[in-house]
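[1] mind folding the following:
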Amino acid sequence: MQRTQRTRIDWTATLAAKRRERLAPEHLRFVHEAATGSVLHCFVLDCSGSMLSGQQLALAKGLLVAMFDQAGKARVEAALVCFGGVRADVRFGPAVPRWWNERWLRPVGGGGGTPLALGVRRAAQLLERAARKRPAQQRWLWMLTDGRSGSMPARPAIADQIVVVDFERGALRLGRSERLARAWDAAWCTPEDLLA
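    Reported below is the predicted structural model:
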């Protein structure tokens with residue numbers, strides 16, 4: 001008996017593809033059920049001082065809880081890299097987040113500068129190690145940032161898919177997250193796009 005491969009809509013990728021346009025058939029992205037378990041989602045969280053104003057860091061943490069919950073239910077691996085001040089640290093994974101909840105994120109604080117290049121480099125190292133262990137694994141990089149960094153690091157070549165989630169708020173918008181997404185040929189979206 002031949003097993004049929006079922007597909008379902010990947011709403012995160014679909015919303016990232018549609019950006020601010022009206023949803024159209026060409027925006028639809030699908031998850032192939034046979035690929036479940038061969039994906040790594042690496043989340044890179046901007047914990048700089050600018051993310052503290054307007055509660056962006058709190059919103060990003062809430063989004064991460066939801067996304068880690070989805071990863072756990074789908075039994076795919078996830079990792080979390082946090083950057084801020086002069087540091088970039090791996091806080092979780094890569095592993096399947098079986099017991100993930102907001103208590104894991106509560107101690108993650110914010111403040112200081114925005115070492116975006118350091119955060120990207122740390123995530124790339126994590127993805128490279130994962131690729132050596134599982135070469136066929138699909139690797140997603142999620143940048144959760146307000147883009148308030150003067151640097152424009154190179155696109156991590158090891159990432160198969162990249163989504164830049166733009167947390168910039170306020171009247172004076174610099175649009176750096178959107179420029180980063182264009183430079184990296186990545187999907188760009190806002191947190192509201194993912195939480196809708």
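
[2] the residue positioned nearest the centre of the chain and Ala24: what is the separation?
    Among the residues of the chain, the one closest to the centroid is Trp142, at 1.7 Å (Cα atoms, centre = their mean). Separation of Trp142 from Ala24 (Cβ to Cβ, to the nearest Å) stands at 24 Å. C-betas here are computed from N, CA, C, even on glycine.

[3] burial of Val96, as a residue count?
    16 (other Cβ atoms under 10 Å).

[4] close enough to count as contact, it and Val76?
    Yes: applying Cβ atoms under 8 Å, one finds Val96 in contact with Val76, separated by 6.8 Å.

[5] coming back round to it: which SS class is the residue nearest to the residue nearest to the centre of the chain when sequence neighbours are not counted?
    Of all residues not flanking Trp142 in the chain, Phe43 sits nearest, at 4.6 Å (Cβ to Cβ, 6 or more residues apart in numbering). Here Phe43 is recorded as strand under DSSP: H, G, I helix; E, B strand; the rest coil.

[6] so what's Phe43 up against?
    Shown in contact with Phe43 (Cβ atoms under 8 Å, 6 or more residues apart in numbering): 64, 67-68, 78-81, 142, 144.

[7] among these, name the ones in strands.
    Residues of the contacts of Phe43 located in strands (DSSP state E): 78-81, 142, 144.

[8] for Pro153, state which of those is nearest.
    Relative to Pro153, the closest of the ones in strands among the contacts of Phe43 is Val81; by Cβ to Cβ it sits at 13.2 Å.

[9] can you give me the pLDDT of that closest one?
    pLDDT, Val81: 95.

[10] could you do the one 3 residues further on as well?
    Model confidence at Gly84, expressed as pLDDT, equals 85.

[11] and what of Gly112?
    61.

[12] what kind of secondary structure is Pro97 in?
    Here Pro97 is recorded as coil under three-state DSSP.
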